[in-house]
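Engineer: no FASTA, just this:
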């Protein structure tokens, strides 16, 4: 199955998640304070449009360690 560029753009725009949305200082602060202390699934609930993988990757890029 092949799609045209406009069809692909429409598919991406109709998705429920926003792609390539920049991280805000508020979101970074939440990760720095709570990542590793609060279950990641719970954090995702407070970070609209973010996936578990996106949260984990951002925490890694920020150098936030998982606290046991």
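Structural biologist: Here it is on my side, so go on. Computed from a prediction, not measured in an experiment: that's the story for all the values here.

Engineer: My read is that residue 65 contacts residue 36, right?
Structural biologist: Yes. Contact criterion CB atoms under 8 Å: residue 65 and residue 36 qualify, at 6.5 Å. All C-beta spots, glycine's among them, are computed from the backbone N, C-alpha and C.

Engineer: who has more neighbours, those two?
Structural biologist: More crowded of residue 65 and residue 36, by other CB atoms under 10 Å: residue 36, with 15 against 10.

Engineer: I'd guessed that one sits against residue 60; true?
Structural biologist: No. Look at residue 36 against residue 60 with CB under 8 Å: they stay out of range, at 11.5 Å.

Engineer: Just checking, which helix or strand of the protein averages the lowest pLDDT?
Structural biologist: Within the chain, no helix or strand scores below helix 5-14, which has a mean of 69 by mean pLDDT, DSSP states H and E.

Engineer: Whichever helix or strand comes after that helix - contacts with which helices or strands?
Structural biologist: Per DSSP states H and E, the first helix or strand lying C-terminal to helix 5-14 is helix 25-34. Packing contacts for helix 25-34, counted by 3 or more CB pairs under 8 Å, 6 or more residues apart in numbering; DSSP states H and E, involve helix 40-46, helix 52-62.

Engineer: Which one of those helices lies nearest to residue 23?
Structural biologist: Of all the helices and strands packed on helix 25-34, helix 52-62 sits nearest to residue 23, with 5.9 Å by CB to CB.

Engineer: what's the average pLDDT for the closest one?
Structural biologist: Helix 52-62 shows a mean pLDDT of 95.
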